[in-house]
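> With the sequence up front, the predicted model follows.
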Amino acid sequence: AAVAGLARLQDREPVSVPQAQPALSQPALSLAEVESLAVPVMLAELAEAAEFDRLAAKVEETVAAETPVAEPLTHPAHPARTEQLEVA
(Lines give C-alpha, C1' and ligand atoms only; values in the text may rest on other atoms or scores of the structure.)
Protein backbone atom coordinates (compact mmCIF):
# COMPACT_ATOMS: atom_id res chain seq x y z
CA ALA A 1 0.00 0.00 0.00
CA ALA A 2 2.84 2.38 0.83
CA VAL A 3 4.57 1.62 -2.47
CA ALA A 4 1.34 2.24 -4.38
CA GLY A 5 0.87 5.56 -2.58
CA LEU A 6 4.44 6.58 -3.41
CA ALA A 7 3.91 5.66 -7.07
CA ARG A 8 0.75 7.81 -7.22
CA LEU A 9 2.65 10.77 -5.71
CA GLN A 10 5.40 10.42 -8.29
CA ASP A 11 2.88 10.27 -11.13
CA ARG A 12 1.32 13.60 -10.17
CA GLU A 13 2.17 16.74 -12.04
CA PRO A 14 4.45 19.04 -10.08
CA VAL A 15 2.62 21.85 -8.35
CA SER A 16 4.13 25.27 -8.91
CA VAL A 17 4.41 27.45 -5.83
CA PRO A 18 3.75 31.12 -6.56
CA GLN A 19 6.53 33.48 -5.56
CA ALA A 20 5.81 35.81 -2.67
CA GLN A 21 7.27 38.78 -4.53
CA PRO A 22 8.16 39.21 -8.15
CA ALA A 23 11.90 39.35 -8.72
CA LEU A 24 13.14 42.92 -9.01
CA SER A 25 15.28 43.68 -12.00
CA GLN A 26 16.85 46.63 -10.18
CA PRO A 27 17.17 47.44 -6.49
CA ALA A 28 14.80 50.09 -5.17
CA LEU A 29 17.74 52.30 -4.13
CA SER A 30 21.29 52.46 -5.35
CA LEU A 31 24.18 52.05 -2.93
CA ALA A 32 24.94 55.77 -3.21
CA GLU A 33 21.33 56.62 -2.30
CA VAL A 34 21.41 54.28 0.69
CA GLU A 35 24.70 55.79 1.88
CA SER A 36 23.38 59.33 1.42
CA LEU A 37 20.48 58.45 3.72
CA ALA A 38 22.38 56.30 6.22
CA VAL A 39 25.48 58.43 6.84
CA PRO A 40 23.65 61.43 8.36
CA VAL A 41 21.64 59.09 10.59
CA MET A 42 24.80 57.31 11.74
CA LEU A 43 26.52 60.63 12.47
CA ALA A 44 23.52 61.81 14.48
CA GLU A 45 23.56 58.55 16.47
CA LEU A 46 27.28 58.97 17.18
CA ALA A 47 26.73 62.55 18.35
CA GLU A 48 23.87 61.41 20.58
CA ALA A 49 26.01 58.62 22.06
CA ALA A 50 28.86 61.06 22.74
CA GLU A 51 26.45 63.47 24.47
CA PHE A 52 25.06 60.60 26.55
CA ASP A 53 28.58 59.55 27.59
CA ARG A 54 29.43 63.16 28.51
CA LEU A 55 26.31 63.52 30.65
CA ALA A 56 26.85 60.12 32.29
CA ALA A 57 30.40 61.12 33.25
CA LYS A 58 29.11 64.42 34.65
CA VAL A 59 26.48 62.60 36.75
CA GLU A 60 29.11 60.15 37.98
CA GLU A 61 31.39 63.03 39.03
CA THR A 62 28.51 64.81 40.79
CA VAL A 63 27.47 61.67 42.68
CA ALA A 64 31.06 60.95 43.67
CA ALA A 65 31.51 64.52 44.94
CA GLU A 66 28.26 64.51 46.94
CA THR A 67 28.53 60.99 48.39
CA PRO A 68 30.37 60.86 51.71
CA VAL A 69 33.27 58.46 51.91
CA ALA A 70 31.98 55.24 53.41
CA GLU A 71 33.66 53.75 56.45
CA PRO A 72 35.57 50.54 55.86
CA LEU A 73 33.39 47.44 55.97
CA THR A 74 35.42 46.00 58.84
CA HIS A 75 36.35 47.83 61.99
CA PRO A 76 39.54 46.93 63.91
CA ALA A 77 37.44 46.15 67.01
CA HIS A 78 35.13 43.90 64.96
CA PRO A 79 37.14 41.61 62.67
CA ALA A 80 35.60 40.25 59.51
CA ARG A 81 33.47 37.13 59.89
CA THR A 82 35.88 35.03 57.83
CA GLU A 83 38.58 35.67 60.44
CA GLN A 84 36.29 34.29 63.16
CA LEU A 85 35.58 30.98 61.41
CA GLU A 86 37.67 27.98 62.33
CA VAL A 87 38.79 25.49 59.73
CA ALA A 88 37.66 21.97 60.65
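It's in.
> that's a helix at D53, yeah?
Yes - assessed by DSSP: H, G, I helix; E, B strand; the rest coil, D53 belongs to a helix.
> now the helices for the chain?
Per DSSP state H, the chain carries helices over the ranges 2-11, 31-66, 81-84.
> export those to CSV and tack on mean neighbour count and mean pLDDT?
All C-beta atoms are positioned from the backbone trio N, CA, C, and that covers glycine. Shown next, in CSV, are these (neighbours: other CB atoms under 10 Å; pLDDT from 0 to 100):
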stretch, mean neighbour count, mean pLDDT
helix 2-11, 8, 66
helix 31-66, 10, 93
helix 81-84, 8, 56
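> Figure out which of those is closest to S25.
Across the helices of the chain, S25 has its closest neighbour in helix 31-66 (16.4 Å, CB to CB).
> want to throw the helices of the chain into JSON lines with distance to S25?
Shown next, in JSON lines, are the helices of the chain (distance: least, CB to CB, whole Å):
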{"stretch": "helix 2-11", "distance to S25": "36"}
{"stretch": "helix 31-66", "distance to S25": "16"}
{"stretch": "helix 81-84", "distance to S25": "74"}
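> ok, A28 - how many residues close by?
Number of residues near A28 (other CB atoms under 10 Å) recorded here: 7.
> Can you tell me how far it is from E35?
14 Å (CB to CB, to the nearest Å).
> now A50
22 Å.
> Dihedrals phi and psi, P27?
phi -70, psi 160 (degrees, to the nearest 10).
> and it, how far is that from A44?
Separation of P27 from A44 (CB to CB) stands at 25 Å.
> next one: A38
Plainly put, A38 is 11 Å away from A44 if you go by CB to CB.
> what do you get for V63?
Here the criterion is CB to CB. By it, V63 lies 29 Å from A44.
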